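Undergrad: With the sequence up front, the predicted model follows.
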Amino acid sequence: MKTVYTCFCTDVIHEGHLNIIENAKKYGRVVVGALCDKELIRFNKFPTTTLEERVKLYKEIDGVDEVIVQNDSMYNDVIASLKPDYVIHGDNWKEGPESSIRNNVVKKLAEYGGEVIDVPYTYNPKVKKIDAQLKEKLAMPEYRRKRLRQLIEMGHVVKTIEAHSGLTGLIAEKTVVEHEGQLYQFDAMWVSSLCDSTAKGKPDIELVDMTSRFRTIDDIMEVTTKPIIFDGDTGGLTEHFVYTVRSLERMGVSAVIIEDKKGLKKNSLFGTEVKQTQATIEEMSAKIAAGKAAQLSDDFMIIARIESLILEQGMEDALARAFAFVEAGADGIMIHSRKKDPAEIVEFCDKFREKDKKTPIVVVPSSFNTITEDELAAHGVNIVIYANQLTRSAFPAMQKTAEDILRYHRAKEVDDRLMSIKNIITLIDEL
Ligand code: SPV
Ligand code: MG
């Protein structure tokens, strides 16, 4: 009896999956793989059910002989242990980043004479609706809000990219890349005060008010499902911050990061070139405690950002603040630096982790950009935020296009570097 294997990434069974099983049965014994959470998150979408629930769901399908867990999205583990004669899949994996998975499966099966069977993917209104319902569930505030904590608890380094509009939100949501045989995507979005202000042509000095910042969050939330970390600047007056916390929670934002500065806030990357005043430990702790007392859900996180290294106050000051802010109730610590060398960040993380093994650490490697996510994780970092790279890449591209149109009195010379008209009008999915 031949073995036919298929891998499911789904939380809901629809006729497309049943069609695969029906086809699989014709070739032999049907084994279904349930992809583990870690790999689902890496390139597919966050599961809304547990692995155990998915295994149970797949076992109940008529025609399924066995369900196993697949731990590698590239199928290497399953092919080595099960040696299936066939791997069957919807033909949608022939295109896009998933084609690299198919190529790997074809190669591995060929080593012993196995084969891939592609069945036409089931596109119909019912299947489309189920997919949309699943996506909508992920976008709902109560599901989206808790996802940041879930990612951290899974021990996953939360790769976070800046978003300041619906469009940049879509880039954060949808970009998947294949590299050296693995697929990667971002886990979360950072609503940066710098980029939100810059997009509005305003300086990053808490000038863009909260109502406007909430509009940006809304625009992003309308078209995405990934969790959001909000850059709350100083948090403003404590009396105002408690309202901000409630609003963010209600919207489904997962975390706010507030920095220990007071008075006129300037962007940290100015360092000591401009006047910036650090709040005292007592002032910042009181704000954190008030925010924690105000929040109503258990999911929401208030993360304290320490500016001691930016303001050249030394490592001891940074560490003392970190422990004090955790004591005051902070759910995480963000340590910032504008040095090119990551040494002081690494030193902080190692010293913090000597005493505190659990509290999540967040870093923003804009200046110290040579260190990789894995290296940061090895020093205890949980969340890595790419805080401004989308804005910094888009702005020069737009500026150059504007200059060249002026220079040549027409748009032909810039055309080669533009997205095609067809792609721009189909970029946004319609319902
Ligand atoms: C932001 O993105 O607005 C930040 C991070 O606060 S930084 O610009 O590095 O200060
Ligand atoms: Mg900021």
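TA: Right, received. Where do you want to start? Ligands and ions are numbered 1, 2, ... in the order given.

Undergrad: and the stretch 101-250 of the chain, which of its residues are near ligand 1?
TA: Residues of the stretch 101-250 of the chain that fall close to ligand 1, judged by CB under 6 Å from any ligand atom: Ser192, Ser193, Leu194, Asp204, Asp231. All C-beta spots, glycine's among them, are computed from the backbone N, C-alpha and C.

Undergrad: These in helices, which ones?
TA: Counting by DSSP state H, those place Ser193, Leu194 in helices.

Undergrad: from the residues of the stretch 101-250 of the chain next to ligand 1, which two are the most distant?
TA: The span of these, defined through CB to CB, is set by Asp204 and Asp231 at 9.4 Å.

Undergrad: Mind putting the residues of the stretch 101-250 of the chain next to ligand 1 into a markdown table with pLDDT and distance to Arg246?
TA: Converted to a markdown table, these look like this (pLDDT from 0 to 100; distance: CB to CB, whole Å):
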| residue | pLDDT | distance to Arg246 |
| --- | --- | --- |
| Ser192 | 98 | 22 |
| Ser193 | 98 | 20 |
| Leu194 | 97 | 25 |
| Asp204 | 96 | 24 |
| Asp231 | 98 | 18 |
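
Undergrad: Mind putting the residues of the stretch 101-250 of the chain next to ligand 1 into CSV with distance to Lys358 and neighbour count?
TA: As requested, these are exported to CSV (distance: CB to CB, whole Å; neighbours: other CB atoms under 10 Å):
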residue, distance to Lys358, neighbour count
Ser192, 27, 27
Ser193, 28, 25
Leu194, 30, 21
Asp204, 32, 22
Asp231, 24, 24
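
Undergrad: Out of the residues of the stretch 101-250 of the chain next to ligand 1, flag the one nearest to ligand 2.
TA: Ser193 (3.4 Å; CB to the ion).

Undergrad: picking that back up, so what sits against both of Asp204 and Asp231?
TA: Common neighbours of Asp204 and Asp231 (criterion: CB atoms under 8 Å, 6 or more residues apart in numbering): Ser193, Leu194.

Undergrad: Only the buried residues of the helix ranked longest in the chain, if you could.
TA: The longest helix of the chain (DSSP H) is helix 389-408. For helix 389-408, the neighbour count (16 or more other CB atoms under 10 Å) marks Leu390, Thr391, Ala394, Thr401 as buried.

Undergrad: Check stretch 132-146 too.
TA: Quick answer for stretch 132-146 (16+ other CB under 10 Å): Leu134, Leu138, Ala139, Pro141, Tyr143, Arg144, Arg145, Lys146.

Undergrad: same deal with stretch 1-18?
TA: Neighbour-count burial for stretch 1-18 flags 3-11, 13-14, 16-17 (criterion: 16+ other CB under 10 Å).

Undergrad: Centre of the chain to it, how far?
TA: 27 Å (CA atoms, centre = their mean, to the nearest Å).

Undergrad: what does the average pLDDT come to for that stretch?
TA: Here stretch 1-18 scores 94 as its mean pLDDT.

Undergrad: how long is it end to end?
TA: Taking CA to CA, to the nearest Å, stretch 1-18 runs 21 Å from one end to the other.

Undergrad: repeat for stretch 424-431
TA: Stretch 424-431: ends 17 Å apart by CA to CA.

Undergrad: Name the secondary structure element that contains Val384.
TA: Element membership for Val384, per DSSP states H and E: strand 383-386.

Undergrad: Does that strand reach ligand 2?
TA: No. Under the criterion of CB under 5 Å from the ion, ligand 2 is not reached by strand 383-386; the shortest gap measures 10.3 Å.

Undergrad: Now do that strand, average pLDDT.
TA: The model assigns strand 383-386 a mean pLDDT of 98.

Undergrad: Quick check: residues of the chain near ligand 2?
TA: Going by CB under 5 Å from the ion, the residues of the chain near ligand 2 are Ser193, Leu194, Asp231.

Undergrad: do that again at 8 Å, thanks
TA: Ser192, Ser193, Leu194, Asp204, Asp231, Asp233, Glu259, Asn267, Ser268, Ala387 (CB under 8 Å from the ion).

Undergrad: so how far is stretch 261-269 off the chain centroid?
TA: 27 Å.

Undergrad: in it, what's buried?
TA: Under 16+ other CB under 10 Å, the buried positions of stretch 261-269 are Lys261, Lys262, Lys265, Lys266, Asn267, Ser268, Leu269.

Undergrad: Stretch 274-289 now?
TA: Quick answer for stretch 274-289 (16+ other CB under 10 Å): Gln276, Gln278, Ala279, Ile281, Met284, Ser285, Lys287, Ile288, Ala289.

Undergrad: same thing with stretch 66-79?
TA: For stretch 66-79, a neighbour-count test (16+ other CB under 10 Å) marks Val67, Ile68, Gln70, Asp72, Ser73, Met74, Tyr75, Asp77, Val78, Ile79 as buried.

Undergrad: And the contacts of it?
TA: By CB under 8 Å, 6+ apart, stretch 66-79 touches 5, 7, 29-36, 38-39, 42-44, 51, 55, 58-59, 82, 84, 87, 101, 104-105, 108-109, 114, 181-183.

Undergrad: among those, which are in strands?
TA: Tyr5, Cys7, Arg29, Val30, Val31, Val32, Gly33, Ala34, Leu35, Val87, Gln182, Leu183 (DSSP state E).

Undergrad: pLDDT check: weakest of those?
TA: For the ones in strands among the contacts of stretch 66-79, the pLDDT minimum is Gln182, 85.

Undergrad: Now for it: which residues touch it?
TA: Contact analysis of Gln182 by CB under 8 Å, 6+ apart lists Arg42, Ser73, Met74.

Undergrad: Bridged to it, which residues?
TA: Taking DSSP bridges as the rule, Gln182 bridges to His179.

Undergrad: what residue ranges in the stretch 301-431 of the chain are flagged as low confidence?
TA: Under the criterion pLDDT under 70, no range of the stretch 301-431 of the chain is flagged.

Undergrad: do you know how far the residue in it that ligand 2 sits nearest to is from Leu296?
TA: For the stretch 301-431 of the chain, the residue closest to ligand 2 is Ala387, as judged by CB to the ion, at 7.5 Å. Ala387 is 28 Å from Leu296, where distance means CB to CB, to the nearest Å.

Undergrad: Show me the domain layout of the protein.
TA: Domain assignment for the chain, taken from automatic domain parsing, gives 3-123, 137-387, 393-427.

Undergrad: That'll do, ta.
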